[in-house]
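>>> Next come a sequence and a model predicted from it.
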Amino acid sequence: MEISTLATYHCLAFVWYFFVAYSITHVRTEERPSEVFLYGGQWKYLTVLNLVLQAVFYGVSFLADVLRLIKKLRCAKCIISSRDLLFSVLAFPVSTFVSISFWTLYTYNRELVYPKSLDGIIPLWLNHAMVSKKHPCLSQRRETLSFLSLPRVLWIYSVTGEWVYPLFALFSPAGLAAFFAGSLAIVISFYNFGEFLNRMIWGQSKKKKKK
């Protein structure tokens, strides 16, 4: 794919995620009080934090494309390395986990992750924009993974006595630990799957270039 085409795509994706993140931060929750926004507001939800993550990722990707277009290859190389690290460690696995886990639980029992009380606060299109995502495959070089939302979830519970997601209240302490461990295992599997796809796509691309 041409660099100019990639730059256009990354620019549009950045604008989209920035717009969605901006929209969710301007939801006027004070007009419709809801227990789900106590302590931390929208920012306690992984879906919302993921919007910012995607906006940053596509912004960095667009910057890398621009630097390549203007032939600033040394700077571009540094930005590309940062982009690949961001993608492999957070953007792809976290976004995939958010989308799949949300819609699976929503289909089973929406009250576990997205109570009906939110319907009057968050427009339907905004909900879909937050949790329905697709990402391109990029070159990846790191084998680390961060699951950074767990300490925040536990901190909010210790302060408020309420779980970020009603689902967590259904578990015993041992069951909750098993759930978090299972969730981490799923995220790691998504990371490994992304690595597999990248080896297939970019490995074949490199072979063609050598030929």
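Right, received. Where do you want to start? Numbers count the residues shown, from 1 in each chain.

>>> Every contact and neighbour count from this point should use C-alpha atoms.
Fine.

>>> Would you map the helices across the chain?
3-25, 46-69, 73-86, 92-109, 124-131, 149-160, 173-210 (DSSP state H).

>>> Quick one: these as JSON lines, columns for mean pLDDT, distance to Ser117 and mean neighbour count too.
As requested, the helices of the chain are exported to JSON lines (pLDDT from 0 to 100; distance: least, C-alpha to C-alpha, whole Å; neighbours: other C-alpha atoms under 10 Å):
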{"stretch": "helix 3-25", "mean pLDDT": "88", "distance to Ser117": "16", "mean neighbour count": "17"}
{"stretch": "helix 46-69", "mean pLDDT": "89", "distance to Ser117": "17", "mean neighbour count": "21"}
{"stretch": "helix 73-86", "mean pLDDT": "84", "distance to Ser117": "34", "mean neighbour count": "17"}
{"stretch": "helix 92-109", "mean pLDDT": "83", "distance to Ser117": "14", "mean neighbour count": "18"}
{"stretch": "helix 124-131", "mean pLDDT": "77", "distance to Ser117": "13", "mean neighbour count": "15"}
{"stretch": "helix 149-160", "mean pLDDT": "77", "distance to Ser117": "19", "mean neighbour count": "13"}
{"stretch": "helix 173-210", "mean pLDDT": "72", "distance to Ser117": "25", "mean neighbour count": "14"}
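
>>> closest one to Leu118 among those?
Taking C-alpha to C-alpha, helix 124-131 is the member of the helices of the chain nearest to Leu118, at 9.6 Å.

>>> Packing partners of that closest one?
On a contact count with 3 or more C-alpha pairs under 8 Å, 6 or more residues apart in numbering; DSSP states H and E, helix 124-131 meets helix 3-25, helix 46-69, helix 92-109.

>>> how close does the residue nearest to Val66 when sequence neighbours are not counted sit to Leu85?
Using C-alpha to C-alpha, 6 or more residues apart in numbering and skipping the chain neighbours, the partner closest in space to Val66 is Ala7 (6.8 Å). As judged by C-alpha to C-alpha, to the nearest Å, Ala7 and Leu85 stand 19 Å apart.

>>> repeat for Ile186
Note on Ile186: its distance to Leu85, by C-alpha to C-alpha, is 19 Å.

>>> go on, Pro93?
12 Å.

>>> now stretch 173-181, how far from the centre of its chain.
Centroid separation for stretch 173-181 versus its chain: 22 Å, with C-alpha atoms, centre = their mean, to the nearest Å.

>>> for stretch 156-169, same thing?
21 Å.

>>> Likewise for stretch 114-132?
Centroid displacement of stretch 114-132 relative to its chain, using C-alpha atoms, centre = their mean, is 16 Å.

>>> need the contact list for Phe190.
Phe92, Pro93, Thr96, Phe97 (C-alpha atoms under 8 Å, 6 or more residues apart in numbering).

>>> Okay, it and Ser99: tell me how far apart.
Phe190 is 12 Å from Ser99, by C-alpha to C-alpha.

>>> can you check Tyr45 too?
13 Å.

>>> and Ala64, what is it in contact with?
By C-alpha under 8 Å, 6+ apart, the residues touching Ala64 are Ala76, Lys77, Ile79, Ile80.

>>> which residue packs closest to the last one, ignoring adjacent ones?
Take Ile80 and drop its neighbours on the chain: the residue closest to it by C-alpha to C-alpha, 6+ apart is Ala64, 5.9 Å away.
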